[in-house]
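Trainee: mind folding the following:
(chains A, B, C, D and E, ligands or ions: 4)
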Amino acid sequence: MDYFIELFFSGLTRGSIYALIALGYTMVYGIIGLINFAHGEIYMIGAFTALIVSTVLTIYGFPLLAVIVLTALAAVIWAASYGYTIERLAYRPLRSAPRLSPLISAIGMSIFLQNYVLLAQTSDFQPFPALIPEFDFMEPYAHIVGSSDLAILVVSAIVMILLTFMIKFTRTGKAMRATAQDRKMAMLVGINVDNVISITFITGSALAAIGGLLIASHIGQINFYIGFIAGIKAFTAAVLGGIGSIPGAVLGSFILGLTEAFATGYVSSDYEDVFAFSLLVLILIFKPAGLLGKATVEKV
Amino acid sequence: MLELRQIDTFYGNIQALHEIDLKIEEGEIISLIGANGAGKSTTLMSISGITPPRYGEVLFKGKPIHELSPDKIVTLGICQVPEGRHIFPELTVSENLDMGAFLRKDKKGIEDDREYLYDLFPILKQRRNQPGGNLSGGEQQMLAMSRALMAHPQLLLLDEPSMGLAPLIIKQIFEIIEKINKEQNTTIFLVEQNANLALKIADRGYVLENGKIIMHDQADKLLVNKDVQKAYLGI
Amino acid sequence: MLSFKDFRNGLMVTLWFVFLTFPLLVIKINPIEKSVVWRWHNMLYVACGTFVFYVLSRLYLARKKEQQQKIKTGIVEDKVAWSAKLFSEPKFYIPIAVAGCLFALAFPTLFSTYQVNIMITALMYVVLGLGLNIVVGVAGLLDLGYVAFYAVGAYAYALLNMHFGLGFWTVLPIGGLLGALFGILLGFPVLRLRGDYLAIVTLGFGEIIRLILENWGEFSQGPSGISNIARPGLFGIDLSLEMSINFMYYLTILMVIFTIFVVNRLQDSRIGRAWFALREDEIACQAMGIDKMKTKLTAFALGATWAGMAGVMFAAKTTFVNPASFTFLESAIILCIVVLGGMGSIPGVIVGALVLILLPEYLRAFSDYRMLVFGAILVIMMIFRPQGIISTVRRTYSLKD
Amino acid sequence: AAETIKIGVAGAHSGDLASYGIPTMKAALLVAQDLNEQGGINGVKVEVLAEDDVCKPEVATNTATKLVSENVNVVIGHICSGATKAALPIYRDANIIVMSPSATNPDLTQSGDYPNFYRTIASDDAQARTLVDFATDTLKVGKIAVIHDKGDYGKGLAEFVKSFLEKDGKAEVVLFEGVTPGAVDYSAVVQKIRRSGADAVIYGGYHPEASKIVSQMRKKRMKTMFLAPDGVKDDTFINVTGKNAEGVYASGPADVSKNPLTKKFRDKFMATEGAEPGAFFDNGVTAALALTNAIAKAGTDSAAIAKVLHTETADTPFGAVKFDETGEPIGIGFVVYQVKDGKFVTVQ
Amino acid sequence: MEPILDVKNLTMDFGGIRALDHLSLQIKPGEIVALIGPNGAGKTTFFNCITGIYKPTKGDLLLNPPGKKTKKLNGLKPNKVTEQGLARTFQNIRLFPNMTVLENVMIGRHCRTKSKIFGAIFRDPRTKKEEKEIVEQSLEILKKINLDKMADEYAKNLPYGAQRRLEIARALATEPIVLLLDEPAAGMNPQETQELDELITKIRDEGLAILLIEHDMKLVMNISDHIFVVDYGKKIAEGSPEEIGKNPDVIKAYLGEDI
Ligand SMILES: Nc1ncnc2c1ncn2[C@@H]1O[C@H](COP(=O)(O)OP(=O)(O)OP(=O)(O)O)[C@@H](O)[C@H]1O
Ligand SMILES: Nc1ncnc2c1ncn2[C@@H]1O[C@H](COP(=O)(O)OP(=O)(O)OP(=O)(O)O)[C@@H](O)[C@H]1O
Ligand SMILES: [Mg+2]
Ligand SMILES: [Mg+2]
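Mentor: Residues are numbered from 1 along each chain as shown, chains lettered A, B, ... in the order given. Ligands and ions are numbered 1, 2, ... in the order given. Next up is the predicted model:
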């Protein structure tokens, strides 16, 4: 039973990380129908910025709390800026282009960013400071859930709730939904579509950055390549839950995380990813639009 | 109120509009008629800034607007009911109406207007919480107009509001067009295939033929004009 | 020519990029010694680079606008896309094709074996590109796991050669068939999926195949791969390295020609039309009496067939296969070839393949900057030619008869 | 006859594995420079041609053909076993001698397919043997979990470890499992290790995953011992893992930093690059020295070079080195290190 | 004489909404039958059900091809239905925009031809012949609706009216016995409608039965032999144009007082 719980928590941790990245995918897809392959790289850049800033701050002797707050801020700000810039440079010019062109642009962007970081920083793994302290009150349970797992769970929960609220109730949220459904009409009711799309990228990137920060200090090391694998997984999760649907992305992520954890725990981690992807294929065969995605019956 | 000067609009390299000149006075109903592909919708889109003119200018109350983005133009009080309705399919009827009032801040006013429109189109009140996507054509047309009216436009651009509607509905729609023109003194620019109806309620009319204005005159004069009758009234 | 406003914007943009690249380009930390290096010179480069680039792009746009102005006022004719012209009119493309063939034939005599070797790789991607083009470009099914079928082919040859000593020529068709088989196996369940759902499922399938090859050691010798795969034989004559490479080269050329021939004929046939139509509007297609599933499946299977054959050739060329060669990135590259070349256009795909595969080789000059430049080029190409280098021209019938 | 002696250096010089390839390239360059300063080999200057293979088999074949067509006399490389395997037939057909500083896959020498292949590093099975003996005889552990990264190097090694353990029967393999490199979290597999009740983990793979797994084990308050191969014996491992690295065992080539030759070239490197040389630098130097030494004695004819390599020893950072008939180095073995206060120190 | 298409108690539910409610309808050979009714009455849904795009909840669809035995269309895939001889156009145009006009029609021939992959690759005489026929027949049809001059235009570049006609041509290419037209005159001006009127009658005179959804009463009253009126998915009236014209229910629900 203990074992089950242990696996359950490690599944949750994975899940919430995937979720933080998957949300970005799903939001962008929802609004411009683009699989933004560069999103994983944003997550990576978030992590790197965090690493750099935190190191610099510690060197200049800031207190831990300050370091944590400022680092988080910096990561979010810069990741968001990158997200915004990418959209402006690589996607906006392709709004009216054939469907696959932005996809290629995204792949190119992803390759570019990876190598940009590789060259600007380094190719080897960098140690990432444990920004999340070991809470004493967690000590008794340390063998089941680490403090960082807890932190990850809590933070991502909060973030997701905030996001859902924003989408559902704020003007911006409404604008996003409208733009997602009919861009031309959105313009005609006075929504500044370009801004809305930018905001979407910014929000998505910010989430990814938080994810990057958390996972980096959980795992304790990063390099320029971490974005890719995490990205693919998160994207899988987003599709699993029904791409374009916010709750779907979260649900999908947790299902994926738990599947992997239990597959590893009870079967073997050799086939961890095989399980993940087979699950995806299965679910899509029975629910072609993902778990919470609307099966849009085209009104002929 | 609105003036188009020598508008040229392109799709890529295809030129859809050639030197369009057009004037609309406060409180008028102007109708623009023309064959398919004449460029009627394009004209409206050029006004709304979706396909901004490449050359020439658009003046609203004397100020140039052809370089503003669509949302800015809406803020000035120019709203369009586009061809094919463009309902937000996954938003409910009432949410669609809210989107119409996107730029408005006055909660109270919005409420009142919604009620007013529900009285105007009772069917919408029934379907209040149904996703707009699977309303039928007529229902959607009503919703589209109501949505535009939620914005309290000074100038309302209507693109083929009668398209694919049952005769009964068409009559209603046109009555309502006149009604809002009278009651709220909304200026109306009406694009129609159904020249008959359009010219009946319009003050003046323009005739568009492959991208050029070939004729404009008082509506009643156009109604009796031989060429117009032959080409657009099927008489 | 450039207004003051342009310059001000230019400065804003420059500032923005300086800010953007600040942490990653300027600060270089050493987390171990807890030391920082401030590389301010980078900031300078970024600033200058951005500003120059901005100004240039402005100028470019300005010129474009002028052009349009001219076109309007009829000073110059606006010309149809040169590419379209080039490849629609026989009197243009026949000579090109001939010249191309001659050059291709002479190539090994003109260049070093290394160049030939690279060219073989490039040509294989031409085959792959043309294969995927059937699926993505023509039938409009977004397949991100194409590399899976490539792997099937490669391992088919590797294993059959290792266990039963089967030769290249026997396995080539087998590889194709296996590819088709897998195509159908995957196609059946997933082809109902729409657009991007199909994309991710195929991506998953690609990964699954790779992971199985990696983990199922008893079957595939796992990650350490299979080596000493026989090169294609020429009537049992044993060839020197150089000769066998040249031989391989001509084989690939043949393969390419064969592929072009088949794909071309398929495209303007009854089935080809059905594929195009399917890409345009599925519902209308069905209403016109086209069996959606069957048509999609043929496209998918045919594409897979070519991947399979290309796989066999790959194995024969490198004489070594391991799962590392069949990652998602491969699929991505092949997709890039198709889209960047021009969806559904055969010459487009050929050019696309040559560009994208030869590019990294000749970018070796940039050494570390190689992939950086590569990525950038992908983006830029897409922005300036979203429809691909050479866009499709629909066949016209009534002219000829 | 040749106006220069051409030494090809092939390996990952760009991409994510560059950090494994570049040191060897530098090593070759330094050796060449050193020789040329002394007037070259028998008066003939030495030239180094470095080619990138990104550690990808398909690229490696191109790289190999490139070097062959530039008719190099000998080749140092490749770095990764997969790439090496793919490239070797090409060199074999061109009858060129290849010496890898880092490709440890046993087949390379034991399959007998590549008579032209030599290496200056012990093969995986030798290393697996070292680790197994250390675990069972020195540490005397009874239950061992064998973990690998599914990679060419890691899994190969792990499989040897497993088979040796089973053959000797001194300790029981309670878990044999592969982890996915780059995964965001390894706690599940760590829990599994704990559950298996293993006293020690023998890991096959490189340092990034090793460090993640160790850290998570320690985070989960597990005291399980951790043994790893030379892919982990890299200062980056200690830097990245920090205090959690304490007590980890890692096998690697004997510590030769005392050796004057080693010093000499390391210092040269420090002088030019201003940093510690990275992975496989010494092996690179060794390869370069062994080959140039052989060429000096036998000229550029491959057969002759081979003869020298087998029969006469060369002075290298690893001392006097020559090669057995399969091409394995004689005199380069493995010793086990343990991390003590942030340093790898040899354990007797 | 027996109806060529006989629909019995067709019922279609979308979740809550009942779009069609036990709707029965017959078409006799060589007849133009109009299906009219308010927006949202279920007309298009009716088409979607009988052409297999939606799966009806209840009801029978019987087709009696002249000289062949009765076929049941229930549960057939759309393409099978078309093969049986039902062809349709769409309320909102669904051409293949990036294919030429001619190709659009050639697609229509697809279900009446059979060359396979190998034929395509080796171009055996049979395939050659078939291809030739496809082109000729398609041009034939284009002539009939005088679009032959635009054969090599991309469909998307046609003016709207022409696009509507092309949809009809494409449907004709499948050699239907019953032709279903969903608001063919929508968005056409009176003059174009006039031409459409002639076109439809011409097709009828060639012996096809036609089922027509239309809101343009002028057209409907002109050409239809028989009219069905639906409202809320139920049939509220049927009969000759004259009868329908003065049927009070129809006037109340649909026509309005004057037209
Ligand atoms: N997105 C587009 N791309 C290219 N050409 C277009 C596009 N939209 C319209 N056109 C062309 O511009 C011309 C005018 O189109 P427009 O829709 O304005 O005509 P219209 O008068 O509104 O016709 P309708 O009565 O069908 O609405 C037509 O020739 C049409 O082919
Ligand atoms: N796919 C669908 N999902 C849910 N409801 C639908 C769907 N398609 C149609 N409906 C509903 O069925 C009813 C009939 O729709 P239909 O399109 O058949 O009307 P119609 O008679 O064609 O009207 P119009 O003349 O405006 O085209 C409408 O109320 C519509 O909301
Ligand atoms: Mg229009
Ligand atoms: Mg309808």
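Trainee: looking at chain D, which helix is longest?
Mentor: Longest helix of chain D, by residue count under DSSP state H: helix D:18-37.
Trainee: helices and strands around the helix or strand containing C:Val127, which ones?
Mentor: C:Val127 belongs to helix C:113-132 when assigned by DSSP states H and E. Packing partners of helix C:113-132 (3 or more Cβ pairs under 8 Å, 6 or more residues apart in numbering or on different chains; DSSP states H and E): helix C:90-110, helix C:241-267, helix C:292-318, helix C:328-341, helix C:346-362, helix D:57-69. C-betas here are computed from N, CA, C, even on glycine.
Trainee: in the third one, what's buried?
Mentor: The neighbour-count check on helix C:292-318 (16 or more other Cβ atoms under 10 Å in any protein chain shown) flags C:292, C:295-318 as buried.
Trainee: elements contacting that helix?
Mentor: helix C:113-132, helix C:147-164, helix C:168-190, helix C:241-267, helix C:270-280, helix C:282-287, helix D:57-69.
Trainee: nearest to ligand 3: which residue in the stretch 51-200 of chain D?
Mentor: Nearest to ligand 3, among the residues of the stretch 51-200 of chain D, is D:Val184, at 51.6 Å (Cβ to the ion).
Trainee: find the nearest non-adjacent residue to the closest residue to ligand 2 within the stretch 301-401 of chain C, please.
Mentor: In the stretch 301-401 of chain C, the residue that lies nearest ligand 2 is C:Met343 (30.6 Å; Cβ to the nearest ligand atom). Setting aside the residues directly before and after it, C:Met343 is nearest to C:Gly137 in space (Cβ to Cβ, 6 or more residues apart in numbering or on different chains), at 4.0 Å.
Trainee: doesn't C:Ser345 make contact with the one you found?
Mentor: Yes. Using Cβ atoms under 8 Å, C:Gly137 is in contact with C:Ser345, at 7.3 Å.
Trainee: find the residues that touch each one of these two.
Mentor: Each of C:Thr392 lies in contact with both C:Gly137 and C:Ser345 under the rule Cβ atoms under 8 Å, 6 or more residues apart in numbering or on different chains.
Trainee: ok, those two, which is more surrounded?
Mentor: C:Gly137 (31 against 26; other Cβ atoms under 10 Å in any protein chain shown).
Trainee: let me see the contact set for the residue nearest to the spatial centre of chain B.
Mentor: Nearest to the mean C-alpha position of chain B, by Cα atoms, centre = their mean, lies B:Leu158 at 1.5 Å. Counting by Cβ under 8 Å, 6+ apart, B:Leu158 touches B:Gln80, B:Val81, B:Met145, B:Ile177, B:Ile188, B:Phe189, B:Leu190, B:Val191.
Trainee: for the second one, what are its contacts?
Mentor: Put plainly, it is B:Val81. Contacts of B:Val81 (Cβ under 8 Å, 6+ apart): B:Ala144, B:Met145, B:Arg147, B:Ala148, B:Leu156, B:Leu157, B:Leu158, B:Asp159, B:Pro161.
Trainee: out of the contacts of B:Leu158, the closest to A:Ile202 would be?
Mentor: B:Gln80 (29.2 Å; Cβ to Cβ).
Trainee: A:Phe128 contacts A:Asn223, correct?
Mentor: No. Counting by Cβ under 8 Å, A:Phe128 does not reach A:Asn223; the two are 10.2 Å apart.
Trainee: quick one, strands of the stretch 101-250 of chain D?
Mentor: Counting by DSSP state E, counting those that start in this stretch, one finds strands in the stretch 101-250 of chain D at the ranges D:117-119, D:143-148, D:172-178, D:200-204, D:225-228, D:249-253.
Trainee: taking chain B, what residue is nearest to ligand 2?
Mentor: B:Gly137 (2.7 Å).
Trainee: before we move on, the earlier item: which secondary structure state does the residue nearest to C:Met343 sit in?
Mentor: helix (DSSP: H, G, I helix; E, B strand; the rest coil).
Trainee: still on that earlier bit, may I see the buried residues of the helix or strand that the longest helix of chain D is followed by?
Mentor: Later in the chain than helix D:18-37, the nearest helix or strand by DSSP H and E is strand D:45-52. Going by neighbour count (16+ other Cβ under 10 Å), the buried part of strand D:45-52 is D:Val46, D:Glu47, D:Val48, D:Ala50, D:Glu51, D:Asp52.
Trainee: hang on, the earlier thing: any idea of the angle the helix holding C:Val127 forms with helix C:241-267?
Mentor: 20 degrees (axes from the mean of the first three to the mean of the last three Cα atoms, to 10 degrees).
Trainee: most centrally placed residue in chain D?
Mentor: The residue lying closest to the centre of chain D (Cα atoms, centre = their mean) is D:Ser102, at 3.1 Å.
Trainee: residue ranges with poor pLDDT in the stretch 151-300 of chain C?
Mentor: Within the stretch 151-300 of chain C, the stretches with pLDDT under 70 are C:236-239.
Trainee: which parts of it sit against chain D?
Mentor: C:214-215, C:217, C:222-225, C:227-228, C:240-241, C:244-245 (Cβ under 8 Å from any Cβ of the partner chain).
Trainee: one more time with 6 Å, if that's ok
Mentor: Proximity of the stretch 151-300 of chain C to chain D (Cβ under 6 Å from any Cβ of the partner chain) is limited to residues C:Glu214, C:Gly222, C:Pro223, C:Ser224, C:Gly225, C:Ser227, C:Asn228, C:Leu241.
Trainee: closest one of those residues to E:Asn39?
Mentor: The closest of those, once distances to E:Asn39 are taken by Cβ to Cβ, is C:Glu214, at 58.8 Å.
Trainee: ok so that closest one is a helix residue?
Mentor: Yes. According to three-state DSSP, C:Glu214 belongs to a helix.
Trainee: just give the closest residue to it, not the sequence neighbours.
Mentor: Among residues not flanking C:Glu214 along the chain, C:Pro323 sits closest, at 4.5 Å (Cβ to Cβ, 6+ apart).
Trainee: count the residues that sit near that neighbour.
Mentor: 25.
Trainee: I figured it hits C:Leu211, correct?
Mentor: No. C:Pro323 is beyond contact range of C:Leu211, at 7.9 Å (criterion: Cβ atoms under 6 Å).
Trainee: show me what contacts the residue of chain B closest to ligand 2?
Mentor: Listed by Cβ atoms under 6 Å, 6 or more residues apart in numbering or on different chains, the contact set of B:Gly137 reads B:Gly164, E:Asn39.
Trainee: roughly how far apart are it and chain D?
Mentor: 50 Å (Cβ to the nearest Cβ, to the nearest Å).
Trainee: per-residue confidence for that residue?
Mentor: Note for B:Gly137: predicted pLDDT of 75.
Trainee: and D:Ala50, how far is that from chain A?
Mentor: Using Cβ to the nearest Cβ, we find D:Ala50 at a distance of 17 Å from chain A.
Trainee: tell me the pLDDT at the residue in chain B positioned nearest to chain C?
Mentor: Nearest residue of chain B to chain C: B:Asn13, at 5.6 Å (Cβ to the nearest Cβ). On the pLDDT scale, B:Asn13 is placed at 76.
Trainee: where does pLDDT dip in the chain?
Mentor: The chain I'm using is chain A. Checking chain A against pLDDT under 70 turns up A:1, A:295-300.
Trainee: um, chain D though
Mentor: For chain D, the stretches flagged by pLDDT under 70 are D:1-2, D:15-16, D:348.
Trainee: picking that back up, just the CA trace of the longest helix of chain D, in CSV.
Mentor: Taking Å, rounded to 0.1, in the frame of the first residue of the first chain, the C-alpha atoms of helix D:18-37 are listed here in CSV:
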residue,chain,number,x,y,z
ALA,D,18,30.2,17.5,-28.1
SER,D,19,31.6,17.5,-24.6
TYR,D,20,32.8,13.9,-25.1
GLY,D,21,34.4,14.5,-28.5
ILE,D,22,36.2,17.9,-28.3
PRO,D,23,38.8,17.0,-25.7
THR,D,24,40.1,14.2,-27.9
MET,D,25,40.4,16.6,-30.9
LYS,D,26,42.3,19.0,-28.7
ALA,D,27,44.6,16.2,-27.5
ALA,D,28,45.4,15.2,-31.1
LEU,D,29,46.1,18.8,-32.0
LEU,D,30,48.4,19.3,-29.0
VAL,D,31,50.4,16.1,-29.8
ALA,D,32,50.7,17.1,-33.4
GLN,D,33,51.8,20.6,-32.5
ASP,D,34,54.3,19.1,-30.0
LEU,D,35,55.8,16.8,-32.6
ASN,D,36,55.9,19.5,-35.3
GLU,D,37,57.8,21.7,-32.8
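Trainee: sweet, I'm off.
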